[in-house]
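Asker: here is my input; please provide its structure:
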Amino acid sequence: MKTLVIVRHAKSSWDNPGLPDHERGLSKRGLRDAPRMGARLADWGPPVDRVISSSAVRALTTAELITQEMGLPWDEIVVDEALYHATVEDMLDIIEDQEDYLDGLMLFGHNPGMTYLVNNLSDLDLGNLPTCGVVVLQFAVEHWAEIGEAAAVTAEIDTPKKHR
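Answerer: Numbers count the residues shown, from 1 in each chain. Model (predicted):
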């Protein structure tokens with residue numbers, strides 16, 4: 001089994017409209033939601049052997065806050081610039097390139113790509129993965145290279161609004 005955890009970055013701040021998109025941080029709500037989702041993921045317990053994040057500040061900050069709550073070494077997050085404005089194909093390339101000894105992979109990125117990836121790999125048929133939304137997909141495969149060809153055997157979603 002391979003487990004893919006897909007996380008859209010938490011709510012971003014628009015306090016400084018002149019700031020380049022890549023440099024936008026998290027809003028107060030985003031700074032509150034990310035640790036809460038991390039605590040819920042820690043309780044949920046999906047296996048995570050590697051964390052890969054977009055290089056955008058809001059995605060990387062979300063990754064750090066969530067992995068910290070999960071008890072994962074947040075200082076070992078792999079930053080991949082390809083996840084910023086990534087297409088489904090870009091994300092599948094990243095996923096399929098992972099070493100097979102890894103059982104769980106967590107990706108932090110952006111919409112619309114994250115929503116499209118979830119819809120491509122599962123039967124969830126999301127209209128929009130909300131900010132700080134988490135989807136855990138499990139695949140009955142032995143190799144990451146098979147993910148693009150296989151549909152998830154389980155697909156679960158959690159969002160901050162479910163617990164407000």
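Asker: and the most far-flung residue of the chain relative to its centre, backbone torsions?
Answerer: Largest separation from the mean C-alpha position in the chain: G18, at 26.7 Å (Cα atoms, centre = their mean). Per-residue torsions, G18: phi -80, psi -10 (degrees, to the nearest 10).
Asker: can you verify my assumption that H9 contacts L129?
Answerer: No - at 10.3 Å, H9 does not count as touching L129 under the criterion of Cβ atoms under 8 Å. All C-beta spots, glycine's among them, are computed from the backbone N, C-alpha and C.
Asker: just give me how far stretch 63-74 sits from the chain centre.
Answerer: 12 Å (Cα atoms, centre = their mean, to the nearest Å).
Asker: what sits against V141?
Answerer: 1-2, 147, 150 (Cβ atoms under 8 Å, 6 or more residues apart in numbering).
Asker: where does pLDDT dip in the protein?
Answerer: Regions of the chain meeting the criterion pLDDT under 70 cover residues 164.
Asker: just the buried ones out of the contacts of V141, please.
Answerer: By neighbour count, with 16 or more other Cβ atoms under 10 Å, these hold 2, 147 as buried.
Asker: secondary structure and distance to D33 added to the contacts of V141, as CSV?
Answerer: Shown next, in CSV, are these (DSSP: H, G, I helix; E, B strand; the rest coil; distance: Cβ to Cβ, whole Å):
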residue, secondary structure, distance to D33
M1, coil, 28
K2, strand, 27
I147, helix, 27
A150, coil, 31
